[in-house]
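Peer 1: pasting a predicted model and its sequence here:
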Amino acid sequence: MPKARLGIAPIAWWNDDLEELSDDVSLEECLRQASVAGFTGMETGRRFPMDMAELGPVLDRFGISVCGGWFSGLLLDGDIEAEKDRVAAQMAFFRAANAPCIVYGETARSIQGVHSAPLSTKPRLTEAEMATYGRKVSDFADWCAKEGMPLSYHHHMAAAVETEAELDLLMKHSSVPLLFDAGHMAFAGGDNLRVIDNHHARITHVHTKDVRERVIASLDRGKESFLDAVIKGAFTVPGDGDLDFKTIVKALAGKGYEGWFVVEAEQDPKANPPLEMARKGHAELLRVMAAAGYEVVSG
C-alpha cells in the first residue's frame, strides 16, 4: 500500500504576494489550526523563522514538520553560482528540518506578483531558450541534491513554465524533479491526467490546489492579472472547487507516487476562513486517499 503524507501551505493564512489578503494570526495560531484540521506538515512562509533552534520547539508543540517551502529562483536570467549563494541559508535550514525538498519557483520575468500585469503578458520562451534554461535548472538541481536537499520544480501561472506544452518542453530539456500542481495546470488549460501520465517518473512533490472554473472562465486575460484571479477566488481547497481529486490521486497512486500531498490554496481568508477551509481540504484528501488505496501516515 503506497504511503501519503498530508501537509498544507501557510498561504491560506498569509499571502506573500498580497499581504493585505492575509489573516492576522501568529505563526503559533496558524500551526495550531493546521494541526486541529489534521495536517502533520506545513510548508514555510514569511512568518517562519529560518532557524530550527527557534522553530523546532514550536513545530513539535503542534505535531507539525516542515514539508517543503518556496524558493524564488532567478536562473532564467541569472547565474548558477549566485543562486547557490541565494539558496544557501534556506538549504541549511531545510536540511536541519529534514524537509523533503525545496520548492523551486522561477520568478525571473514572472508576472505572478505584478498586480498591473495581465495574464496574457506572461513570459514565453522558444524551444532553444527552454533548452538553455533546462540545462541551467538541471545543473542547479543536481548541485542541490548533492548538497543534501533536492529541488522540486513548480510550474506556475504567469511564469515562464505555465502551460502543459511549456512543462513538456522543460521536462524534455531537463532532468529536474517536478512538483505537480493540479490547480496551476488546470488554470493554465492543461490536462492533469495527461501530465501525470507523461511525467509521473519525475514527480517528487504534489500540491493539491483546487480551482473554481467559473471564476477562471470569467477572467479577461488581456486585462486581469494573476493576483486579480486570486482575489476573485480562482483557487480553493480540495472538495470546495471543481477538480476531481479522486481521479487525480488514483492516477498518482497507479504510477507509484508516494510522498507529500500539500494543500496550497491562496484566497481571501475573510471570505474563506482558513481553519474551515483546512478542515474541508483535509477531509476531502482523506476521502480520496482511501479511494486510491493510500495509507496516510504522519509527517
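Peer 2: Everything's here; your move. What you are looking at is a predicted structure, and each value in this text was computed from that prediction instead of being measured.

Peer 1: could you pull out the helices for the stretch 151-299 of the chain?
Peer 2: 164-172, 182-187, 192-199, 213-218, 226-232, 245-254, 274-292 (DSSP state H, counting those that start in this stretch).

Peer 1: what is the burial count for the residue lying closest to residue 172 once chain neighbours are set aside?
Peer 2: Spatial nearest neighbour of residue 172, chain neighbours left out: residue 134 (7.6 Å); criterion: C-beta to C-beta, 6 or more residues apart in numbering. C-beta here means a position set from N, CA and C on the backbone, and glycine is covered the same way. Residue 134 is flanked by 22 other residues according to other C-beta atoms under 10 Å.

Peer 1: how near is residue 134 to residue 140?
Peer 2: Look at residue 134 and residue 140: by C-beta to C-beta, to the nearest Å, they are 11 Å apart.

Peer 1: shared neighbours of those two, anything?
Peer 2: Residues touching both residue 134 and residue 140 (C-beta atoms under 8 Å, 6 or more residues apart in numbering): none.

Peer 1: dump the helices of the stretch 151-299 of the chain into JSON lines; add mean neighbour count as well.
Peer 2: JSON lines is the format used below for the helices of the stretch 151-299 of the chain (neighbours: other C-beta atoms under 10 Å):
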{"stretch": "helix 164-172", "mean neighbour count": "18"}
{"stretch": "helix 182-187", "mean neighbour count": "25"}
{"stretch": "helix 192-199", "mean neighbour count": "18"}
{"stretch": "helix 213-218", "mean neighbour count": "14"}
{"stretch": "helix 226-232", "mean neighbour count": "21"}
{"stretch": "helix 245-254", "mean neighbour count": "20"}
{"stretch": "helix 274-292", "mean neighbour count": "20"}
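
Peer 1: which of these sits closest to residue 9?
Peer 2: helix 274-292 (10.3 Å; C-beta to C-beta).

Peer 1: quick check, central residue of the protein?
Peer 2: Residue closest to the mean C-alpha point of the chain, counted by C-alpha atoms, centre = their mean, is residue 207 at 4.9 Å.

Peer 1: what's across from that residue in the sheet?
Peer 2: On the basis of DSSP bridges, residue 207 is bridged to residue 181, residue 262.

Peer 1: list the contacts of it.
Peer 2: 9, 154, 179, 180, 181, 182, 183, 184, 262, 263, 264.

Peer 1: among those residues, which one lies nearest to residue 279?
Peer 2: residue 263 (10.7 Å).

Peer 1: need the contact list for that closest one.
Peer 2: Residue 263 neighbours (C-beta under 8 Å, 6+ apart): 6-9, 12, 39, 207-209, 237-238, 278, 281-282, 285.

Peer 1: any low-confidence regions in the protein?
Peer 2: The chain contains no residues with pLDDT under 70.

Peer 1: hmm, what's the outermost residue in it?
Peer 2: Distance from the C-alpha centroid of the chain, by C-alpha atoms, centre = their mean, peaks at residue 128 (26.7 Å).

Peer 1: just checking, that residue is part of a helix?
Peer 2: Yes - under DSSP: H, G, I helix; E, B strand; the rest coil, residue 128 sits within a helix.

Peer 1: show me what contacts it?
Peer 2: So residue 128 contacts nothing (C-beta under 8 Å, 6+ apart).
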